[in-house]
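Participant: Quick one: sequence and predicted model below, then my questions.
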Amino acid sequence: MDLSGNRFAGYAALAVLAAGLIAVPALDLPAFYVAFLFVLYYWVALATSWAILSGFAGYWSFGHAAFFGTGVYASATFAAKLGVPFLLTIPIAALLAAGLGAGVGFVVFRLQRLRGELFALMTISVTFVLATVVSNTPIDGGLGVYLISVQVPEVFGSSTGTFYLLGLFFAALSIWTAWKISRSKLGLGLFAIHDDEDVAEVKGVPTFRYKIWAFAISSGIAGAVGSVYAIYVSYVTVGDTFDVTVIMYPVVMTIFGGSRHWLGPAFGAVIIEAALYTAAAGPEASIGRAIVALGLILTVLLLPSGVMPSIVRLWRSIFPPRKVTYRATAPAASATASAADGAVLTIDGVKKSFGGVQALKGVSLEVRRGEILGLVGPNGSGKSTLINMITGHYPLDSGTIMFDGVPIHELPAHDIAALGIARSYQIPRPFDRLTVRANVALSGMFGAGKLDDEASVYGQAQHWMEFCGIANRADDFPPQLNLHERKFLELARALAARPRVLCLDEVLSGLNHTEVDAALDLIRRIRDNGTSIVFVEHLMRAVVALSDRVAVLNEGELIAVGTPEETMRDPHVVRVYLGDAHAA
Amino acid sequence: MPGLNLVEQSLITGFLAGSLYGLLALGLSLSWGLLKLVNIGHFAMALLSAYLTWYFGTELGIPAWWAGAIIVPVFFVYGVALHWVFVKFRVSEMASMLITFALAIIVESFIQTIWTADFRRYSTPLADQSFMLGGLYVPKLNLLACLVAALLAVGTWGWLKFTYAGKALRACAEDAPIASAYGIDHKSLTYLLSGICAAYAGVAGVFIALIGTLAPNEIWTWIGVVFAVVIIGRLGNPVGALLGGILIGVCEALTQSAVNPAWAPLVSFSVLILLLLVKPKWI
């Protein structure tokens, strides 16, 4: 506990900073400084809120002006026209903006392809469509709205003080929200979505819901900021509200600062706002905007991760982080380990075609409790497609898949993962910007284990990393690992999900002789823990050594099922593998 | 029956205006579909071309066709250069949007600084000429724009469908590593296509100058409309882009005559939302 002093010092520094900032309006500084700080807070809040979806999950919104504008006109309508007290319009504005964000998300996030691009373009469209609606309806009418008449409560003897504190409050709120999210399950899910959304879904992250939540929070904060801003400027127009500047600045600030760090956008906002302020004396607005746009291009090309990673490195060299050691906690034995025999997974008449290619032509197969089922067949026979069907990666054309009596073929992939089916990928697909530890922990949180306290998440992650022999790489990032280690990472995160059925897609390919033996031993131990295994493999030595039963697929059809010896002697199978001449 | 006549007239107007959307959508659809780059700057370049055409015509006395002959090759070179930057810095699909968005802002403020935010109108002798077709009024310039759009769309479609370069480009869009394993020189073809897309922005700009009213913020008005057109016409499909443009143009014209001209920008957006909700697999 010797380092708790350090932590205490941190809190104390934060408290002093907060008190100092809160006291600024009482200092009787020239109005100019207070106004400058208000504008700074305004950008900090907009940029940070933008990053909650766009920075963390990588869905770049070009429509922050739409949500900001929703807030502006919510205040203009409710406070100036309907006489609702100003402070009450802020939550109204936030809710309306969040609702709009969730609506846009609902339309775009369901798409299978081009989600990111369509999301970006849709958010631009929403901005200008909203501008059209506002200027052609009594909301604005094209002339702008005056909010002078709105009563503003006074703090420190002036309404300036009130605006200052509101600005400070929303800047702090957005940073706090971003910080909270970046450390939460939601945040981990968003980071995973950024790296590989399809894999995130299969690992159990409810991607659709998470994106909508993140976007609603992000839009809601922008709406609240817009609402405060409207009263602050006291005259709002469509042209100034739904402006490309409001779209671009948060993007530039976030990317410059570092979009995956909770403090990155705020840092970027401070630097860019200060730079603009020093330069603003000269050129007119449109040129200033062009210069910021040029800055955006240079940042994207030359510094795509922003400056925050360097700052974090510097910070850690000055204040080394507390060394955390994780003690492995073995998970409780699987409840189904000793359950009776019978089918755990029943696949019945599953068909799937891709365009004109029939990948599966009506496959029926059952996986029995506690068995290792080898799934073999030539390339293109449909093995991987079958795994993709079981885990819900693709919808099937017809047929049913029952998991412990529950139909799962219509469930989204994350629900299937939560029920207890996990898979590994033939070509490892880790989340590249999460550490090995976080990769494994994510499966624990979102998989069938449904762990929610930090101690057991990281304790079990440690256990599975040790089980798979990669604990020494826990704090490295997947691209630093060699193929062998990446394969075992795949296995570790599949296991951390605590599946009852584990689908292994060619885990052995590319491994050398000793590594294969180690892997076979590992797979047997997994089964001994009560997990049923579907094991796709080309390496016949491994299939025969491991499998209780073998199923052979050829051209999308199941041609044989039985013990390894039976199936290997089956004339059909021999014909498929060796040609007619060898068939008995 | 004046009512019916009004409807027929808006069909014609919408058809012709829509083909201009198609012309604008052409370059965007090709670069998005085949190069995987979403070029928001396409609209800004089209507007820049329009301003240049107008400037050449009114200030320097260079007729629009000659202006086009200057602008289009220059834009081609710009397209190649832009792609060089994208290749050099390995710009991702999403990053390409950020960069071209920033380019659009730079071009907008360039236009605003040089030519101010005032509306500009290029009046040429041809501008007001039209002929009557069965009691309906057909402006000649719009018809010409429509023909050029059709020519480019069908020509590009044929090029992609029947020539080696076109097939190679489609193969690369499908799976670049496999295509290059078959010996397709991917890089130089993508430069060519990027140049062509920018040149199409140049062509569209010439007609925009001749037909429309120019203002710097037109860029943003177009984005919503043309992006809907590109999706409706399917990515990388030139004829689809033209047909999508015509569909949106007709819907807008009908809305304008039936409801209120001010609501036209909502049309394409609503059509797109409907498409995404009802047929998400269209994408």
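Facilitator: Noted; the coordinates are in hand. Quick caveat, the model's predicted, so the values are computed rather than measured.
Participant: The stretch 101-250 of chain A against chain B: which residues are in contact?
Facilitator: Residues of the stretch 101-250 of chain A found near chain B, taking Cβ under 8 Å from any Cβ of the partner chain as the criterion, are A:107-108, A:110-114, A:116-118, A:120-122, A:124-126, A:128-129, A:132-133, A:136, A:244, A:248. (Each C-beta comes from the backbone N, C-alpha and C, glycine too.)
Participant: In helices only, show me those.
Facilitator: Taking DSSP state H as the definition of helices, these contribute A:107-108, A:116-118, A:120-122, A:124-126, A:128-129, A:132-133, A:136, A:244, A:248.
Participant: for chain A, which spans come out with low pLDDT?
Facilitator: A:1-5, A:279-284, A:332-341, A:580-584 (pLDDT under 70).
Participant: mind giving me the domain ranges of it?
Facilitator: Each domain of chain A is listed here as a residue range: A:31-248, A:343-582, per automatic domain parsing.
Participant: What helix or strand is the spatially most central residue of chain A located in?
Facilitator: Within chain A, the residue whose C-alpha comes closest to the C-alpha centroid is A:L190; the distance, by Cα atoms, centre = their mean, is 1.8 Å. Counting by DSSP states H and E, the element that carries A:L190 is helix A:185-202.
Participant: likewise A:T400?
Facilitator: When secondary structure is defined using DSSP H and E, the element that contains A:T400 is strand A:398-403.
Participant: So in that sheet, which strands flank whatever helix or strand comes next after that strand, and in what orientation?
Facilitator: As assigned by DSSP H and E, the chain's next helix or strand after strand A:398-403 is strand A:406-407. Sheet pairing for strand A:406-407, assigned by DSSP bridges, gives strand A:398-403 (antiparallel).
Participant: Using PDB, list the CA coordinates for the partner strand.
Facilitator: As requested, C-alpha coordinates have been extracted for strand A:398-403 and formatted as PDB (Å, rounded to 0.1, in the frame of the first residue of the first chain):
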ATOM      1  CA  SER A 398     -33.000 -23.300 -43.900                       C
ATOM      2  CA  GLY A 399     -32.700 -26.000 -41.200                       C
ATOM      3  CA  THR A 400     -32.400 -25.800 -37.400                       C
ATOM      4  CA  ILE A 401     -29.700 -25.800 -34.900                       C
ATOM      5  CA  MET A 402     -30.600 -26.700 -31.300                       C
ATOM      6  CA  PHE A 403     -28.300 -26.200 -28.400                       C
END
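Participant: Give me the pLDDT value at B:L277.
Facilitator: Among the per-residue scores, B:L277 holds a pLDDT of 86.
Participant: what's the answer for the one 3 residues further on, then?
Facilitator: What the model reports for B:P280 is a pLDDT of 80.
Participant: which residues does it contact?
Facilitator: When the contact criterion is Cβ atoms under 8 Å, 6 or more residues apart in numbering or on different chains, the partners of B:P280 are A:110-112.
Participant: how about a cut-off of 7 Å?
Facilitator: Applying Cβ atoms under 7 Å, 6 or more residues apart in numbering or on different chains, one finds that B:P280 lies in contact with A:110-111.
Participant: Check A:A418 too.
Facilitator: Listed by Cβ under 7 Å, 6+ apart, the contact partners of A:A418 are A:204, A:447-448, A:450.
Participant: Neighbours of A:I139, how many?
Facilitator: The number of residues packed near A:I139 is 16, by other Cβ atoms under 10 Å in any protein chain shown.
Participant: Give the helix, strand or coil label for it.
Facilitator: Of the three states, A:I139 takes coil under DSSP: H, G, I helix; E, B strand; the rest coil.
Participant: That one and chain B, how far apart?
Facilitator: Applying Cβ to the nearest Cβ, to the nearest Å, the value for A:I139 to chain B is 13 Å.
Participant: from memory that residue sits against A:Y73, does it?
Facilitator: Yes: in this structure A:I139 lies within contact range of A:Y73 using Cβ atoms under 7 Å: 5.6 Å.
Participant: before we move on, the earlier item: the helix holding A:L190: what's the following helix or strand?
Facilitator: For helix A:185-202, the following helix or strand on the C-terminal side (DSSP H and E) is helix A:207-233.
Participant: After that following helix, which helix or strand is next?
Facilitator: Once helix A:207-233 ends, the next helix or strand along the chain (criterion: DSSP H and E) is strand A:235-236.
Participant: Flag every buried residue along the top helix by length along chain B.
Facilitator: Determined from DSSP H, the single longest helix within chain B is helix B:2-35. Judged by neighbour count using 16 or more other Cβ atoms under 10 Å in any protein chain shown, the buried positions of helix B:2-35 are B:9-35.
Participant: follow-up on the earlier one: taking the residues of the stretch 101-250 of chain A next to chain B, please make a ChimeraX selection of just the buried ones.
Facilitator: Paste this into ChimeraX to select the buried members of those, with burial taken from 16+ other Cβ under 10 Å:
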select /A:107,108,111,114,116,117,118,120,121,122,124,125,126,128,129,132,133,136,244,248
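Participant: which of the contacts of A:A418 are buried?
Facilitator: For these, a neighbour count by 16+ other Cβ under 10 Å gives the buried set as A:204, A:447-448.
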